[in-house]
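Trainee: Sequence and predicted model, in that order:
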Amino acid sequence: MASRPLPYSTRDLHYDNAKFRHRSPFKVITQALVSSNVRHDCGRCSIGKFLILLMFGGLTYLMLVHRSYNLDTPAFEKTDHGRVGIGRIGNFLRKPPRLPPRLSPDEVRNISSNVEIGKPSTESEWISRQGKVKEAFIHAWSGYKSFAMGKDELMPLTKRGIDGLGGLGATVIDSLDTAMIMGINEIAAEAGTWIEKNLMQRIREKGQVNLFETTIRVLGGLLSAYHLSGSDSGKSLPSKGPKREVFLETAKGLADRLLVAFTASPTAIPFSDVVLRDQSAHPAPDGLSSTSEVSTLQLEFNYLSAITGDPKYSAKAIKVLEHMRTLPKVEGLVPIYISPHSGQFSGENIRLGSRGDSYYEYLIKVWLQQKASRDGQLKYLHEMYEEAMKGVRHLLVQKSIPKGLIFVGELPFGTKDSFSPKMDHLVCFLPGTLALGATKGITKKKAIEQNLLNAEDMENLNLAEDLAKTCFEMYAVTSTGLAPEIAYFHTEGAYEGGHDGGNKSSEYINDIIIKPNDRHNLLRPETVESLFVLYRITEDIKYREWGWQIFKAFEKHTKIDSGGYTSLDDVTTLPPRKRDKMETFFLGETLKYLYLLFGDTNVLPLDKYVFNTEAHPFPIIESTG
């Protein structure tokens, strides 16, 4: 089926990040001639005419001085290009500064972002900013350790812990590899010691856990810690922590119990929930599994098989994707529910937000992880990914009005019904995934030099940069500078006045709609994840700048003095109402990606590592052996 012209065609957008364009030589000569003629005419003026001109000049000067006293700084007048002094006769008579030519809206946005944030001039300033993220992690951990150690999550306002993820101490395990990457040996030792003393016992005794959440957070965290504590990772275990093998043995013990979700199901689609102590599994109450959940297990089980030499883990997990390969799709796109009883998709709801997102993420990441099988056994994953991204561009990508932000919407009832201009913050994983799929983790510059990018790759990379811009503006449009959980976009057929983000100075105030029930912020990582990946691949400094602006907003509005950070109920009001919860992914993902964004690009290079959907890095498997 032929694709219609894309709504974000390069006919409409420019990908030029230049701050100023050179002045036209023709304009320079013309302006010089005009100036000469004016000077010649003035030379022929009579004294009377001269006095009249002087009078008008004096009146103009008085009007300007009067206007200046209505501004914040009386001696200056604000212009689009800075502050021009007008409070002194010397300044008035001074030759006006040469101003840059008028810029396109895209160029103005790029310049204003850099000016507002204050672009660091040296790499040492970025290292300093990285240190601020490290301090934030220590502050977050201190609150958790003081009030919730061993619980899944911290409630920083009431200073207590809760178990919302099965009671396995999810924050401890999610935080461990972040502490290792940051080189905070004391916290790494504390987390490792807790795991050694408590986790295996809890795995044996605890009840129901969600297969997906437990795999990405707990199993993924243990496996990443195992790798990072090895000599080949460039990291080393703190002297007070457990031996490296503790992480692997605990991971195996957990995975052996999780496998029952696969074996208990009558199809290749696993059940959603596991009772650890009974080693039994059952479906969710409605009998369905989320498409994203069952297809976001493979990186973890593949790596466990690779380091143990036991293929059973990978075999069970990869069968899910092999089965999905055979199912009917809509231009590569799939519904967000699937039945473990029939093995078929359920319903027609298609979206890249909740319950659909990481299906697309893992198609490309599992293919990247298995380097030796990319052109052979797992080639179908890359083909599925490419088909899906074509479907995204064709069916889900639209442009807002009046300012033209590119966004990814939803098809709640499939292609038979109307398009919804709704975009979850979760969708902001997509820019990073698109960039990663285009260059396979190397820089854009290197990929172009080696002639590795085809037209499809360039299209995906351009879309990645457009979507990253939109995701950042979802932050910048609010009063707090933090994004809502869900945004809607103003299109020709959809608009709700009065539901803006609160930041009236944003030029996108009328493009982004934030409904009252969607205004909360959970400290999510997806946008900063994409900024990290795009900076590594494009080497464009603006992604660091945007990340720093987001980090400052987290510091200003979510930091709790007694320790930890909290979610917010409403990002559009000041001061924002606080929600008493610090999600595990704030330490495991959000702060980790910010730390890596501001640091050395040689740390965990994207052509050598693949990050699971909870930001736990695994090394790319070089050979089938």
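Mentor: Structure's in. What do you need? Note that the structure is predicted; figures quoted are calculated from it, not measured.

Trainee: Now the closest residue to K416 other than its chain neighbours: phi and psi?
Mentor: Leaving aside its sequence neighbours, K416 sits nearest to E348 (CB to CB, 6 or more residues apart in numbering; 7.3 Å). (C-beta placed from N, C-alpha, C; glycine too.) Here is the backbone geometry of E348 (degrees, to the nearest 10): phi -130, psi 10.

Trainee: helix or strand right after the helix or strand harbouring D174?
Mentor: Element membership for D174, per DSSP states H and E: helix 170-182. Counting by DSSP H and E, the next helix or strand C-terminal to helix 170-182 is helix 185-194.

Trainee: what about that following helix, average pLDDT?
Mentor: For helix 185-194, the mean per-residue pLDDT is 97.

Trainee: Residues contacting whatever helix or strand comes next after it, please?
Mentor: As assigned by DSSP H and E, the chain's next helix or strand after helix 185-194 is helix 200-205. Helix 200-205 is contacted from outside by G167, L168, G169, E249, T250, G253, L254, R257, L276, R277, using CB atoms under 8 Å, 6 or more residues apart in numbering.

Trainee: The residues you listed: which two are farthest apart?
Mentor: Maximum pairwise distance in the contacts of helix 200-205, criterion CB to CB, is 20.2 Å, between G167 and E249.

Trainee: out of those two, which sits in the busier spot?
Mentor: Set G167 next to E249 and count neighbours by other CB atoms under 10 Å: G167 wins out with 18 against 15.

Trainee: low-confidence ranges in the stretch 101-250 of the chain?
Mentor: Filtered on pLDDT under 70, the stretch 101-250 of the chain yields the residue ranges 101-121, 233-239.

Trainee: which residues of it fall in helices?
Mentor: All helices of the stretch 101-250 of the chain, identified by DSSP state H, counting those that start in this stretch, fall at 105-117, 123-148, 170-182, 185-194, 200-205, 211-213, 220-228, 245-258.

Trainee: rewinding a little: ChimeraX command for the buried members of the contacts of helix 200-205?
Mentor: The ChimeraX selection below is limited to those of these classed as buried (16 or more other CB atoms under 10 Å):
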select :167,168,169,250,254,257,276
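
Trainee: how much space between the residue nearest to F472 when sequence neighbours are not counted and S400?
Mentor: Closest residue in space to F472, ignoring its immediate chain neighbours: W546 at 4.6 Å, by CB to CB, 6+ apart. The span separating W546 from S400 equals 19 Å under the rule CB to CB, to the nearest Å.

Trainee: Over to I195?
Mentor: Distance from I195 to S400, by CB to CB: 46 Å.

Trainee: what bits of the protein have low per-residue confidence?
Mentor: The chain contains residues with pLDDT under 70 at 1-121, 233-239, 624-625.

Trainee: Name the residue closest to the centre of it, please.
Mentor: T527 (1.8 Å; CA atoms, centre = their mean).

Trainee: I'd like to know which elements the helix or strand hosting that residue is packed against.
Mentor: For T527, the enclosing helix or strand under DSSP H and E is helix 526-538. Helices and strands touching helix 526-538, by 3 or more CB pairs under 8 Å, 6 or more residues apart in numbering; DSSP states H and E, are helix 430-439, helix 455-476, helix 542-558, helix 591-597.

Trainee: Report how many residues lie close to K399.
Mentor: Using other CB under 10 Å, K399 has 20 other residues around it.

Trainee: Which strand residues bridge it?
Mentor: Beta bridges link K399 to I406 when assigned by DSSP bridges.

Trainee: Does it touch G409 like I think?
Mentor: No: in this structure K399 lies outside contact range of G409 using CB atoms under 8 Å: 10.6 Å.

Trainee: give the contact list for H425.
Mentor: So H425 contacts C471, M474, A483, P484, E485, I486, A487, R524, E526, T527 (CB under 8 Å, 6+ apart).

Trainee: Might you report the residue contacts of the last one?
Mentor: Under the criterion of CB under 8 Å, 6+ apart, the contact list for T527 reads H425, C428, A468, C471, F472, M474, Y475, A483, I550.

Trainee: rerun at 6 Å
Mentor: With contact taken as CB atoms under 6 Å, 6 or more residues apart in numbering, T527 is in contact with C428, C471.

Trainee: Quickly note the distance from it to F429.
Mentor: Taking CB to CB, one finds T527 at 9 Å from F429.

Trainee: The fourth one too?
Mentor: Using CB to CB, one gets 16 Å for the distance from P484 to F429.

Trainee: dump the residue contacts of G356.
Mentor: Neighbouring residues of G356 by CB under 6 Å, 6+ apart: T291, S292, I336.

Trainee: switch to 8 Å and redo it
Mentor: S290, T291, S292, V334, P335, I336, I350.

Trainee: Could you check how many residues crowd around the nearest residue to the fifth one once chain neighbours are set aside?
Mentor: If you skip the residues right next to it in sequence, P335 has F345 as its closest partner in space, 4.4 Å away by CB to CB, 6+ apart. One way to gauge burial is a neighbour count; for F345, by other CB under 10 Å, it gives 22.

Trainee: Hmm, F345 is touching T326, no?
Mentor: No: counting by CB under 8 Å, F345 does not reach T326; the two are 11.5 Å apart.

Trainee: May I ask which helix or strand encompasses E361?
Mentor: Per DSSP H and E, E361 falls inside helix 357-369.

Trainee: So what touches that helix?
Mentor: 291-292, 295-296, 298-299, 302-303, 318, 321, 334, 352, 374, 378-379, 381-382, 384-385, 388-389, 392, 424, 426-427, 429-430, 433, 436-437, 440-441, 610-613, 618, 620-621.

Trainee: switch the cut-off to 7 Å
Mentor: Contacts to helix 357-369, defined as CB atoms under 7 Å, 6 or more residues apart in numbering, come from residues 291-292, 295-296, 298-299, 302, 321, 334, 352, 374, 378, 381-382, 384-385, 388, 426-427, 429, 433, 436-437, 440, 610, 613, 618, 620-621.

Trainee: how big is the angle separating it from helix 430-439?
Mentor: On the basis of axes from the mean of the first three to the mean of the last three CA atoms, to 10 degrees, helix 357-369 is oriented at 30 degrees to helix 430-439.
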